[in-house]
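Peer 1: predicted coordinates and the sequence they were generated for:
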Amino acid sequence: MIGLIAATLTTGSFLPQAIKVIKTKDTSGISLTMYMMSVVGVFLWFIYGLTIHDMALIIANGITFVLSAIILICKIRYK
């Protein structure tokens with residue numbers, strides 16, 4: 001139960017930022033390096049989840065990857 005709550009909160013934490021960036025197109029307060037590292041790291045966790053067939057890792061990191069990739073793409077596009 002604790003793991004489910006933790007995964008929901010950490011994954012969901014990217015949603016408000018993604019919505020804000022999409023709406024405002026303002027990425028000035030976002031670190032490009034941090035989001036590049038985050039997207040790669042989350043993608044690797046997703047791949048690891050696929051490798052060990054862990055649905056919690058696959059779902060949480062799949063969603064987080066999409067949300068953080070959206071933010072990264074916006075950061076690059078709206079520079």
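Peer 2: Here it is on my side, so go on.
Peer 1: buried sites along the longest helix belonging to the chain?
Peer 2: Counting residues, the longest helix in the chain under DSSP state H turns out to be helix 55-77. By 16 or more other CB atoms under 10 Å, the buried positions in helix 55-77 come out as 57-58, 60-65, 67-72, 74-75. Bear in mind the C-beta positions are built from the backbone N, C-alpha and C, glycine included.
Peer 1: for residue 28, state which of the residues you listed is nearest.
Peer 2: The nearest member of the buried residues of helix 55-77 to residue 28, counting by CB to CB, is residue 75 at 9.4 Å.
Peer 1: just checking, which helix or strand of this protein averages the lowest pLDDT?
Peer 2: When each helix and strand of the chain is scored by mean pLDDT, DSSP states H and E, helix 2-12 comes last, with a mean of 89.
Peer 1: that one vs helix 55-77, what angle?
Peer 2: In terms of direction (axes from the mean of the first three to the mean of the last three CA atoms, to 10 degrees), helix 2-12 departs from helix 55-77 by 10 degrees.
Peer 1: other SSEs contacting helix 2-12?
Peer 2: Helices and strands touching helix 2-12, by 3 or more CB pairs under 8 Å, 6 or more residues apart in numbering; DSSP states H and E, are helix 55-77.
Peer 1: average pLDDT for the helix it packs on?
Peer 2: Helix 55-77 shows an average pLDDT of 94 in the prediction.
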